[in-house]
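A.B. asks: here is the input, now give the coordinates:
(one chain, ligands or ions: 1)
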Amino acid sequence: MSDIAYVDGAFVPRAEARVSIFDRGFLFADGIYEVCAVLDGRLVDNGPHLDRLARSVGAIELPLPVSREQIVEIERALVARNGVSEGLVYMQVTRGAADRDFAFPENATPTLVAFSQKKTIVAAPAAQTGVSVISTDDIRWARRDIKSVALLAQVLAKQAARRAGAAEAFMTEDGFVTEGASSTAFIVTASNEIVTRPLSRALLPGCTRMAVLRLAAERGMAVVERAFTIAEAQSAAECFFTSATSFVMPVIAIDGRAVGNGQPGPATRRLREIYIETARATAE
Ligand code: PDD
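C.D. replies: Next comes the predicted model:
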């Protein structure tokens with residue numbers, strides 16, 4: 001983690017970055033977050049991330065304590081102060097500190113915190129080799145379209161993945177993959193269709209997902225939005241997942257079974273290249 005964080009209007013050293021134990025983010029996970037990639041010291045797909053932040057806070061009737069323009073200023077200040085060339089900016093807004101009571105407090109002030117992290121995304125070795133994933137039951141709540149900080153189900157899913165030597169967990173419900181623990185799941189079929197689940201309350205509307213689908217369609221690649229099973233993904237030509245912190249990540253095995261020839265596939269490689277090229281050209 002980098003050195004300077006943002007807490008409620010002030011830039012402070014990481015060791016001094018604190019919020020109250022009465023903060024409803026801490027007590028109830030009553031809060032929303034966003035993660036935006038940084039490439040060449042600039043923000044990738046920040047517009048869609050801020051749109052989704054606005055949508056998420058609206059869904060839980062949480063007013064943003066600062067304007068959209070101020071959020072961009074905070075993000076840019078963190079990138080500059082911490083010298084982040086490649087990595088991410090994390091933002092979180094909660095309903096603030098108040099006496100513990102489930103219903104909304106009358107007069108709490110929302111808490112806004114943000115920090116940056118340096119991370120190698122483009123030249124990540126995993127993107128060259130591909131990664132393994134496991135499958136796990138999707139035990140989350142029914143509003144997964146809201147980017148809530150209530151992430152315990154994903155914490156458990158990722159820990160199960162790590163124990164199995166895998167990088168991600170594909171979560172399933174009623175026999176179909178909803179999404180990755182912190183990513184959107186895709187397959188490429190034998191007939192070269194790029195398949196991902198349609199948006200609904202069952203999954204987060206991924207900003208990287210949106211960009212990849214658009215870029216694929218613009219290049220004449222066939223895109224199909226439908227649900228798929230783990231068995232279909234295991235026998236697909238290719239599999240990958242997308243997120244702000246991994247871009248397009250090839251999946252080479254699911255629950256120990258190789259996908260395709262067990263190496264990152266050509267469509268996945270191409271989409272990763274196109275996404276990175278576009279991200280570099282449009283980051284701001
Ligand atoms: N997670 N689905 C879930 C459940 C996620 O948590 C994420 C991202 C995505 C991909 O969304 P996007 O392409 O907008 O990053 C899908 C971030 C990276 C995180 O929690 O760290």
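
A.B. asks: how about the residues of the stretch 51-200 of the chain near the ligand?
C.D. replies: Within the stretch 51-200 of the chain, the positions adjacent to the ligand are 179, 182, 183, 184 by Cβ under 6 Å from any ligand atom. Backbone N, C-alpha and C define where each C-beta goes, glycine included.

A.B. asks: and the third one, how far from residue 231?
C.D. replies: Applying Cβ to Cβ, to the nearest Å, the value for residue 183 to residue 231 is 20 Å.

A.B. asks: one more: the last one?
C.D. replies: When distance is defined by Cβ to Cβ, residue 184 is 19 Å away from residue 231.

A.B. asks: got it, and residue 61?
C.D. replies: Here residue 61 is placed at a distance of 41 Å from residue 231 (Cβ to Cβ).

A.B. asks: same question, residue 94
C.D. replies: 40 Å.

A.B. asks: the more surrounded of the two?
C.D. replies: Taking other Cβ atoms under 10 Å, residue 94 and residue 231 do not tie; residue 94 has more neighbours (24 against 13).

A.B. asks: quick one: the helices in this protein, in order.
C.D. replies: For the chain, the helices defined by DSSP state H cover 24-28, 46-59, 68-81, 125-129, 152-163, 207-218, 230-234, 266-282.

A.B. asks: which residue comes closest to residue 76 once chain neighbours are left out?
C.D. replies: In this structure, residue 76 finds its nearest non-sequential neighbour in residue 43, 7.3 Å apart by Cβ to Cβ, 6 or more residues apart in numbering.

A.B. asks: how close does the one you found sit to residue 194?
C.D. replies: Using Cβ to Cβ, we find residue 43 at a distance of 26 Å from residue 194.

A.B. asks: quick one on the thing from earlier: who wins on neighbours among the residues of the stretch 51-200 of the chain next to the ligand?
C.D. replies: Of those, with other Cβ under 10 Å as the count, residue 179 tops at 29 neighbours.

A.B. asks: show the contacting residues for that one.
C.D. replies: Counting by Cβ atoms under 8 Å, 6 or more residues apart in numbering, residue 179 touches 144, 170, 171, 185, 197, 203, 204, 206.

A.B. asks: so the closest residue to the fifth one other than its chain neighbours versus residue 185, what's the distance?
C.D. replies: By that I understand residue 197. With Cβ to Cβ, 6+ apart as the criterion, residue 197 has its nearest non-adjacent residue at 4.9 Å, and that residue is residue 227. Separation of residue 227 from residue 185 (Cβ to Cβ): 10 Å.

A.B. asks: looking at the two, which is more packed in?
C.D. replies: More crowded of residue 227 and residue 185, by other Cβ under 10 Å: residue 185, with 29 against 20.

A.B. asks: identify the residue spatially nearest to residue 251, adjacent ones excluded.
C.D. replies: With Cβ to Cβ, 6+ apart, the residue lying closest to residue 251 is residue 239, at 4.0 Å.

A.B. asks: and if you look at residue 77?
C.D. replies: Per Cβ to Cβ, 6+ apart, closest to residue 77 is residue 11, 6.6 Å.

A.B. asks: can you map out the strands along the stretch 101-250 of the chain?
C.D. replies: 111-118, 131-137, 168-173, 176-180, 184-188, 194-196, 223-225, 238-243, 247-254 (DSSP state E, counting those that start in this stretch).

A.B. asks: want to throw the ones you listed into CSV with mean pLDDT and distance to residue 77?
C.D. replies: Formatted as CSV, the strands of the stretch 101-250 of the chain follow (pLDDT from 0 to 100; distance: least, Cβ to Cβ, whole Å):
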stretch, mean pLDDT, distance to residue 77
strand 111-118, 98, 9
strand 131-137, 98, 33
strand 168-173, 98, 31
strand 176-180, 98, 31
strand 184-188, 99, 29
strand 194-196, 98, 35
strand 223-225, 98, 37
strand 238-243, 98, 24
strand 247-254, 98, 24
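
A.B. asks: need the ones you listed in a markdown table with distance to residue 151, can you?
C.D. replies: Formatted as a markdown table, these follow (distance: least, Cβ to Cβ, whole Å):
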| stretch | distance to residue 151 |
| --- | --- |
| strand 111-118 | 16 |
| strand 131-137 | 14 |
| strand 168-173 | 12 |
| strand 176-180 | 13 |
| strand 184-188 | 16 |
| strand 194-196 | 21 |
| strand 223-225 | 25 |
| strand 238-243 | 14 |
| strand 247-254 | 19 |
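
A.B. asks: so which of these comes closest to residue 124?
C.D. replies: Closest to residue 124 of these is strand 247-254 (Cβ to Cβ; 8.2 Å).
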